[in-house]
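Asker: Pasting the sequence and the predicted model now:
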Amino acid sequence: MGVNLSGRSFLKLLDFSPAEIEYLIDLSADFKRLKRAGVPHRHLEGKNIVLLFEKTSTRTRCSFEVAGFDLGMGVTYLDPASSQMGNKESIEDTARVLGRMYDGIEYRGFDQAIVEELAANAGVPVWNGLTTEFHPTQMIADMLTVREKFGRLAGLKLTFFGDARNNVANSLMVVCAKLGMDFCACGPVENMPAAELVETCRAIAAQTGGSVTLTDSVDEGAAGANVLYTDIWVSMGEPEELWAERIRLLSPYQVSSSVMEKAAADAIFMHCLPSFHDTRTTIGAEIAEKFGISEMEVTDEVFESSRSVVFDEAENRMHSIKAVMYATLK
Ligand code: CP
Ligand code: NVA
């Protein structure tokens with residue numbers, strides 16, 4: 001039987017089967033081909049979506065907007081300060097109001113429980129554009145990118161270096177387990193994913209032929225890795241005071257050329273972005289001044305190297321978010 005995601009919300013990948021995830025990756029590739037060929041695809045003309053952002057964004061917001069416009073939809077953006085949600089109106093009431101006006105709702109913000117509550121009450125599909133726990137739309141783009149580079153997914157080793165308990169690392173662990181890949185979290189013991197999620201993913205991997213490894217050894221993490229992935233050391237919503245501790249804990253896990261050399265010969269570098277690979281950002285410059293480091297989770301050399309596929313990943317956010325919206329709204 002074919003995959004049908006019509007009417008479903010997209011909150012976390014644990015809710016989706018491997019076949020459903022693969023369908024979304026295939027659909028993303030189809031939309032990418034149409035976009036590249038200049039073939040119009042206004043399949044959702046007449047529908048309207050709303051984008052709720054309680055945290056800042058470049059890629060996710062622009063992807064939802066461009067994908068919405070390409071599909072022929074009306075798009076409303078609500079920034080962190082311009083809705084009543086949370087302050088004057090409960091999540092449940094907000095969901096019931098927006099569900100009367102819109103065909104789909106995107107939410108970026110804090111607890112996963114918020115996006116789950118929105119979905120439980122909206123009566124229309126809700127899409128998770130990043131919570132403290134998960135970043136599922138990023139995963140469809142990332143897996144499309146990996147598949148474009150290697151022509152396959154199952155059996156590849158993907159190692160995440162650094163803050164392995166953040167939303168991106170959690171989501172990578174889930175998607176790798178679902179797709180039969182070997183996921184490795186490489187970082188200090190303090191920053192490992194929650195034990196319960198690790199167990200859940202190991203149980204999934206046992207069914208798909210994948211595996212989940214946790215290690216504090218860079219040599220072990222890099223050995224044989226096809227994909228080396230990292231993310232910023234302090235995520236949105238975390239206090240600034242964490243920088244000093246994270247720099248101390250995570251510096252040994254910076255992805256540098258010497259780490260890339262320990263990996264598989266055809267290894268690629270990935271990062272969800274934004275990235276602190278130089279001092280050309282306000283925060284990057286402040287950190288350089290305060291802590292004397294000019295690169296953080298990845299060196300500029302690796303970021304700018306031919307192994308780096310970060311801008312393919314960024315482009316693929318738009319094609320994959322389009323696929324998620326189309327699949328759930330059609
Ligand atoms: N990768 C990602 O989600 O980027 P933004 O924070 O810019 O949306
Ligand atoms: N872990 C990062 C991801 C940004 C796309 C954050 O939550 O800030």
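Answerer: Perfect, thanks for sending it. Because the structure is predicted, anything quoted here is derived from the model rather than measured. Ligands and ions are numbered 1, 2, ... in the order given.

Asker: For the stretch 151-300 of the chain, which residues are neighbours of ligand 1?
Answerer: Neighbours of ligand 1 within the stretch 151-300 of the chain, by Cβ under 6 Å from any ligand atom: 272-273. Yep, even glycine has a C-beta here, placed from its N, CA and C like the rest.

Asker: try 5 Å
Answerer: With Cβ under 5 Å from any ligand atom as the criterion, the stretch 151-300 of the chain meets ligand 1 at residues C272.

Asker: all strands for the stretch 151-300 of the chain, in order.
Answerer: With DSSP state E, counting those that start in this stretch as the criterion, the stretch 151-300 of the chain has strands at 157-161, 182-186, 211-215, 227-230, 268-271.

Asker: Spatially nearest residue to the spatially most central residue of the chain (excluding sequence neighbours)?
Answerer: For the chain, the residue nearest the mean C-alpha position is Q138 (2.7 Å; Cα atoms, centre = their mean). Spatial nearest neighbour of Q138, chain neighbours left out: C272 (5.2 Å); criterion: Cβ to Cβ, 6 or more residues apart in numbering.

Asker: between the strands of the stretch 151-300 of the chain, which one is nearest to L197?
Answerer: Closest of the strands of the stretch 151-300 of the chain to L197 is strand 211-215, at 9.6 Å (criterion: Cβ to Cβ).

Asker: Strand partners (parallel or antiparallel) of that closest one?
Answerer: strand 182-186 (parallel) (DSSP bridges).

Asker: now the angle between strand 157-161 and the strand it pairs with, please.
Answerer: If you take axes from the mean of the first three to the mean of the last three Cα atoms, to 10 degrees, strand 182-186 sits at 20 degrees to strand 157-161.

Asker: Check what contacts strand 182-186 and list those residues.
Answerer: 155-162, 164, 169, 172-173, 176-177, 192-193, 201, 205, 210-218, 220-222, 225, 253 (Cβ atoms under 8 Å, 6 or more residues apart in numbering).

Asker: Give me the buried entries from those.
Answerer: Buried members of the contacts of strand 182-186, scored by 16 or more other Cβ atoms under 10 Å, are 156-162, 164, 169, 172-173, 176-177, 192-193, 201, 205, 210-212, 214-216, 218, 220-222, 225, 253.

Asker: Sticking with D26, tell me its helix or strand.
Answerer: helix 18-37 (DSSP states H and E).

Asker: show me where the stretch 151-300 of the chain has helices.
Answerer: 167-178, 195-208, 218-222, 242-250, 257-262, 282-291, 300-303 (DSSP state H, counting those that start in this stretch).

Asker: quick revisit: list the buried ones in the helix or strand containing the residue nearest to the centre of the chain?
Answerer: Assigned by DSSP H and E, Q138 belongs to helix 136-150. For helix 136-150, burial by neighbour count (16+ other Cβ under 10 Å) applies to 136-147, 149.

Asker: Let me have those residues in JSON lines, extended by pLDDT and distance to I283.
Answerer: Below are the buried residues of helix 136-150 laid out as JSON lines (pLDDT from 0 to 100; distance: Cβ to Cβ, whole Å):
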{"residue": "P136", "pLDDT": "99", "distance to I283": "26"}
{"residue": "T137", "pLDDT": "98", "distance to I283": "24"}
{"residue": "Q138", "pLDDT": "99", "distance to I283": "21"}
{"residue": "M139", "pLDDT": "99", "distance to I283": "25"}
{"residue": "I140", "pLDDT": "99", "distance to I283": "28"}
{"residue": "A141", "pLDDT": "99", "distance to I283": "24"}
{"residue": "D142", "pLDDT": "99", "distance to I283": "24"}
{"residue": "M143", "pLDDT": "99", "distance to I283": "29"}
{"residue": "L144", "pLDDT": "99", "distance to I283": "29"}
{"residue": "T145", "pLDDT": "99", "distance to I283": "26"}
{"residue": "V146", "pLDDT": "99", "distance to I283": "29"}
{"residue": "R147", "pLDDT": "98", "distance to I283": "33"}
{"residue": "K149", "pLDDT": "98", "distance to I283": "30"}
